[in-house]
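Undergrad: Sequence and predicted model, in that order:
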Amino acid sequence: MHSPLEQFQIKWLVPFHIGGIDASFTNASLFMLIAVLAISVFLIGGMSKAAMVPGRWQSAAEMSYEFIANLVRDNVGDEGKKYFPFVFAIFMFVLFGNMLGMIPYTFTFTSHIIVTFGLAAVVFILVTVLGLVLHGAKFFTLFVPHGVPLALMPLVVPIELISYLSRPMSLSVRLFANMLVGHMMMKVFAGFAIMLGALEFGFLVGWIPLGVVVALTGFELLVAALQAYVFTILTCLYLHDAIHLH
């Protein structure tokens, strides 16, 4: 039986180096490109023939747009409307990346910490720069909660600062870990089903791990959508902090 970690192996498709930097086109690059193309087809195709009474494709595109628009409005406020394209792009990229990984023989690029950390770092840098541009030095009051006694400031401020600086790590690890563990579990139980099915009386017990695989597949589809939602809503909350401070 192959290792459950084999499915996460990065494979070089088109080797390419610039100086001492490896800029090769890999399977991760390929599926990120496929995700972008799939999103483009989904949105452009869904709205290319917009009708007063939308069909299924148009309804799905409009629902995804409206879902994120409401998420931004409820968690960031009216000031967050200008950042809707960024939040929507983050949601769709993570969602399609997660869902593509559920198709057999594909590659789940969101199961790699470098990809999720890259996304989280972009969010972190954006909200930090935005907060500094909007508020200047007043932005640092974000690390001084209201109502905290002056005597506790030396303790509270470092805790708030560490909490803020840990945002990109917690945001990236949450997505990466959920996708990694879920796919590993599916691989392990699928291996059990094959091993038991090969036994003489495997037909009597082989269906047990097979049933678990089916259940895990449904659960992983839910997790894939939920993790895209969690990543997006946390992005909205970070934007709220940058715009409103408290």
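TA: That came in fine, so what should we check first?
Undergrad: which stretches of the chain form strands?
TA: Assigned by DSSP state E, the chain shows strands spanning 12-14, 17-18, 21-22, 25-26.
Undergrad: who are the neighbours in contact with the closest residue to Leu171 other than its chain neighbours?
TA: Using CB to CB, 6 or more residues apart in numbering and skipping the chain neighbours, the partner closest in space to Leu171 is Ala120 (4.0 Å). Any C-beta I mention is one placed from the backbone N, CA and C, and that applies to glycine too. Applying CB atoms under 8 Å, 6 or more residues apart in numbering, we find Ala120 in contact with Arg167, Pro168, Met169, Leu171, Ser172.
Undergrad: Not counting its neighbours along the chain, what's nearest Val212?
TA: Nearest one to Val212, counting by CB to CB, 6+ apart, is Phe189 at 4.7 Å.
Undergrad: longest helix of the protein?
TA: Ranked by number of residues, the top helix in the chain under DSSP state H is helix 207-244.
Undergrad: avg pLDDT for that one?
TA: Mean pLDDT, computed over helix 207-244, is 89.
Undergrad: If you count neighbours, what's buried in that helix?
TA: For helix 207-244, burial by neighbour count (16 or more other CB atoms under 10 Å) applies to 209-210, 212-213, 216, 220, 223-224, 227-236, 238-243.
Undergrad: circling back: can you say which of the strands of the chain is nearest to Leu150?
TA: strand 21-22 (49.6 Å; CB to CB).
Undergrad: which helices and strands does that closest one pack with?
TA: Contact here means 3 or more CB pairs under 8 Å, 6 or more residues apart in numbering; DSSP states H and E; on that basis strand 21-22 packs against no helix or strand.
Undergrad: Note down every partner strand of it and its orientation.
TA: Within its sheet, strand 21-22 is paired with strand 17-18 (antiparallel), according to DSSP bridges.
Undergrad: now the partner strand, how far from the chain's geometric center?
TA: 29 Å (CA atoms, centre = their mean, to the nearest Å).
Undergrad: and if you look at stretch 44-63?
TA: Using CA atoms, centre = their mean, the offset of stretch 44-63 from its chain centre is 25 Å.
Undergrad: Please enumerate residues in contact with that stretch?
TA: Contact with stretch 44-63 is made by Phe42, Leu43, as judged by CB under 8 Å, 6+ apart.
Undergrad: ok, residues contacting stretch 216-226?
TA: Leu95, Asn98, Met99, Gly101, Met102, Asn178, Met179, Gly182, His183, Met185, Met186, Phe189.
Undergrad: mind putting those in TSV, distance to Val41, pLDDT and neighbour count included?
TA: Converted to TSV, the contacts of stretch 216-226 look like this (distance: CB to CB, whole Å; pLDDT from 0 to 100; neighbours: other CB atoms under 10 Å):
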residue	distance to Val41	pLDDT	neighbour count
Leu95	14	96	21
Asn98	18	95	27
Met99	14	94	19
Gly101	18	90	21
Met102	18	90	17
Asn178	26	91	20
Met179	23	91	27
Gly182	26	85	23
His183	25	82	20
Met185	31	82	16
Met186	27	80	20
Phe189	33	76	20
